[in-house]
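Student: Structure for this input, please:
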Amino acid sequence: MSLNRSFETWYRDTYARLSTAMLAVCGDLDVASDATDEAFSRAWHHWETVGVMSSPEGWTYRVALNLMRSRLRRRRVEQRLLPRLINRSHATAPAGEVWELVRALAPRQRIAVVLRYVADLSESEIGEAMGVTRGTVSSTLFAARQALGAALAVPDAVEESS
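Tutor: Residues are numbered from 1 along each chain as shown. You can find the predicted model right below:
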């Protein structure tokens, strides 16, 4: 039996039980389905290792349970924080000529400008968020300011000769 066929057979035999178990544990069909699907996706990705385990089902159940716990934990955090966000005045995207120009910047420059001037992050924090060094953030912001300055510059008035 080929490796792919072996997974397919195992998947067909195991999917319904795992899916039902996840639903019974968490009571949320979406979370249970997501955890089940992701667990099987990971099992397929690692099938050369998982397929020879003494209990591929046990490994897959553990992965599904961990994913489910993580999603439910994230949901609890979101539900706790959501009321704080709802109480804020409705935020709208910055408007005006300058922000139209910011939206026209290269993606990395645009992200850096927004994180600096809207989110008020330091260059170090921006570097962490973007996965780059502080020096890269600094040069990116410099280039963005240069581009914005050039775009906003009013050309010198040309004197007409009489």
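Student: packing partners for the longest helix seen in the chain?
Tutor: Longest helix in the chain, counting residues (DSSP state H): helix 56-86. Applying 3 or more CB pairs under 8 Å, 6 or more residues apart in numbering; DSSP states H and E, one finds that helix 56-86 contacts helix 3-26, helix 29-45, helix 47-50. All C-beta atoms are positioned from the backbone trio N, CA, C, and that covers glycine.
Student: For residue 133, find the nearest of these.
Tutor: Smallest distance to residue 133 across the helices and strands packed on helix 56-86 (CB to CB): 31.8 Å, for helix 29-45.
Student: What residues does the nearest residue to residue 22 once chain neighbours are set aside make contact with?
Tutor: Computed as CB to CB, 6 or more residues apart in numbering, the closest residue to residue 22 that is not its neighbour in sequence is residue 32, at 3.8 Å. Residues counted as contacts of residue 32 (CB atoms under 8 Å, 6 or more residues apart in numbering) are 19, 22-23, 25-26, 68.
Student: ok, and the most crowded of these?
Tutor: Neighbour counts for the contacts of residue 32 (other CB atoms under 10 Å) peak at residue 22, which has 24 neighbours.
Student: Could you point out which of the helices and strands packed on helix 56-86 sits nearest residue 126?
Tutor: Closest among the helices and strands packed on helix 56-86, using CB to CB: helix 29-45, at 31.0 Å.
Student: so residue 18 sits right up against residue 63, yeah?
Tutor: No. The criterion here is CB atoms under 8 Å, and residue 18 misses it with residue 63 at 9.8 Å.
Student: which neighbours do those two share?
Tutor: Residues touching both residue 18 and residue 63 comprise residue 39, with contact defined as CB under 8 Å, 6+ apart.
Student: Flag every buried residue along the lowest-mean-pLDDT helix or strand in the chain.
Tutor: Every helix and strand of the chain was ranked by mean pLDDT, DSSP states H and E. The lowest is helix 97-103, at a mean of 81. Going by neighbour count (16 or more other CB atoms under 10 Å), the buried part of helix 97-103 is 101-102.
Student: Check which element follows that helix along the chain.
Tutor: Per DSSP states H and E, the first helix or strand lying C-terminal to helix 97-103 is helix 107-117.
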